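J.: Quick one: sequence plus predicted model below, questions after.
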Amino acid sequence: MKILLYDHSGCFNRGCEAIVRSTVGILRKAFHGCECSLLSYHPEEDMILSDIPGLTVRGMKAQRMGHIQTYVNAFYYKILHRSDYYYRASYAEAIDFAREHDICLIIGGDTFCYGDNELCRAVTAEFKKLGKCVVLWGCSIGKEDLSEEKLATLRSIDGIFAREPLTKQVLEENGLTNVRLFADPAFTLETKKPENKPAGKMLGLNFSPLVAKRCPGLAGCVAEFLERIEKETDYTPVLIPHVMIDAGNNNDYAYMKAIAEKAKLTRTVILPDNLSAAEYKGYISECDMLIAARTHTTIAAYSNLVPVYALSYSIKARGIAKDLFGKELCVKSISEIDSADALFECFRELEASCKDMKNTLAKIIPAKKELSFAAGEALKEYV
């Protein structure tokens, strides 16, 4: 059995790293001896995956078209108003690589959340023409994310494995009948405990420039909030980066470091920007609570029974919380964070909910991990 993972954005996003690592583990448990390959948009970021035995990593880059291909593409684009030939010609190597595989998994959990996903949709269409089984793996998709073009792709593939119930509901309301509910694969990611950790009670914090785009003035709110945590509580704030992509201003470490340097802080700690997903998960597991924007920091916490306040910017945070607790417990839209007071209210609400959250997580997380593994078993029905 050969399985291809594609639509991977690169491991400078540690959530993407977590998905690859945990997915390979799930697949190898379900299909003993299976060969796994990864098509990556940024293979230069994926050296961190070199410790996964037998994982083949290929770059997914556009090839330069020849003269004849250029003329044919111009005809398709200008006369027929179609772009599919461009993708077929430019990504021929990736399409040929898929021929060797039995199952193709779209592993970008946010693939159909942002933008029009034209490249992924075009490549997926080519994979289906080859007769490949294609499954969208561990996804979240909101009503606002959908378009007719995306729905056409979603209808064409063999399976959609949603990672939370709100996505399943949205897709079924839009007429899709190939949707199943599992859990994010990263619930199963190993936890590497740190050799050294900050002393005392730890409040894990993750803020990102991605959510800052949706919340003007967030940096100032966070700086004041950190000062208040140090002054009014006995927690040690621990800033936990999880995405370190400089392009497009998407570097958590740079964003939070700049905030910390401007604030009047004495005991706040920022973790380095070169830890693996499992190492960040280890630090998160030592926290007493976590307030976070990045989804996979929240999953790292939930899976270690650490209470979380999720700062939501899409359906996924709401859906995961509802799946775990039966309601959207300790979730707030980032657009509602308009002051340090608002953040401090989140902190107090989380503190008050800690005991109940821990009790609930202790009961449900083992089942969620089993549900992550069940997704691998479910793939057997498609081949």
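T.: Arrived safely, thanks for sending.
J.: Give the other helices and strands that the worst-scoring helix or strand of the chain on mean pLDDT contacts.
T.: Evaluated with mean pLDDT, DSSP states H and E, the helix-and-strand set of the chain has its lowest mean pLDDT in helix 67-74, which scores a mean of 82. In this structure, helix 67-74 makes packing contacts with helix 84-90, judged by 3 or more CB pairs under 8 Å, 6 or more residues apart in numbering; DSSP states H and E. Where you see a C-beta, it was placed from the backbone N, CA and C, and this is true even at glycine.
J.: right, and the helix or strand after the helix it packs on?
T.: Proceeding C-terminally, helix 84-90 gives way to helix 92-98 as the next helix or strand, assigned by DSSP states H and E.
J.: Touching the least confident helix or strand of the chain from outside, list them.
T.: When contacts are taken as CB atoms under 8 Å, 6 or more residues apart in numbering, the neighbours of helix 67-74 outside the stretch itself are 65, 85, 86, 89.
J.: please redo it, this time with the cut-off set to 6 Å
T.: When contacts are defined by CB atoms under 6 Å, 6 or more residues apart in numbering, helix 67-74 is touched by residues 85, 86, 89.
J.: Residue 132 - how many residues pack around it?
T.: For residue 132, the neighbour count with other CB atoms under 10 Å is 18.
J.: Thought residue 103 was touching it, still the case?
T.: No - using CB atoms under 6 Å, residue 132 is not in contact with residue 103; the gap is 7.4 Å.
J.: Can you classify the closest residue to residue 378 other than its chain neighbours as helix, strand or coil?
T.: Distances taken as CB to CB, 6 or more residues apart in numbering place residue 180 nearest to residue 378, at 6.6 Å, with adjacent residues excluded. State at residue 180, reduced to three classes by DSSP: H, G, I helix; E, B strand; the rest coil: strand.
J.: again, but for residue 353
T.: The three-state label given to residue 353 by three-state DSSP is helix.
J.: so where is the chain shaky, pLDDT-wise?
T.: Low-confidence segments of the chain, defined by pLDDT under 70: none present.
J.: So which bits of the least confident helix or strand of the chain are buried?
T.: For helix 67-74, the neighbour count (16 or more other CB atoms under 10 Å) marks 69, 72, 73 as buried.
J.: Between these, which sits nearest residue 330?
T.: Using CB to CB, residue 73 is the member of the buried residues of helix 67-74 that lies nearest residue 330, at 50.2 Å.
J.: separation between that closest one and residue 59?
T.: Computed with CB to CB, to the nearest Å, the distance linking residue 73 and residue 59 is 22 Å.
J.: So which residues of the stretch 201-350 of the chain form helices?
T.: 209-212, 218-232, 252-262, 277-285, 295-302, 315-325, 340-379 (DSSP state H, counting those that start in this stretch).
J.: My guess is residue 168 contacts residue 180. True?
T.: No - counting by CB under 6 Å, residue 168 stays clear of residue 180, with 7.7 Å between them.
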